[in-house]
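> coordinates only, sequence not included:
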């Protein structure tokens, strides 16, 4: 049972980052605008780096910040490798905890970074 717990924690942590990114992307579409079909279709991925790259300014800001913040750089390196297909595998505690810590670390966590740009 314990391994299923860590697999779920891993999957849901990455999914939270994905949802935050998609919220940022959706906020770029103004009310009553008809969004570009290619942009909308490109959001139907579970790849965090691809999602970041859909917003050029957000991607550029992340690239600039990871160059000056070693901890954020390390955290982003961990978070960007999240793989949603691992929900069908066994994720060990160490990997799940590393993803969670990289996501929520105070001052340099990826989620805090995203929230600062909402």
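That came through, no problem. Keep in mind it's a predicted model, so treat the numbers as computed, not measured.
> so, low pLDDT: which residues of the chain?
In the predicted model, the chain carries pLDDT under 70 at residues 1-2.
> now the residue nearest the centre of it: phi and psi?
Geometric centre of the chain, nearest residue: residue 17, 3.6 Å, by CA atoms, centre = their mean. Phi and psi for residue 17, reported as degrees, to the nearest 10, are phi -60, psi -40.
> wait, it touches residue 48, no?
Yes - with contact defined as CB atoms under 8 Å, residue 17 counts as touching residue 48 (6.0 Å). C-beta coordinates here come from the backbone N, C-alpha and C atoms, glycine included.
> re earlier: what residues are up against the residue nearest to the centre of the chain?
Neighbouring residues of residue 17 by CB atoms under 8 Å, 6 or more residues apart in numbering: 48, 79, 82, 103, 110, 111, 114.
> great, nothing more from me.
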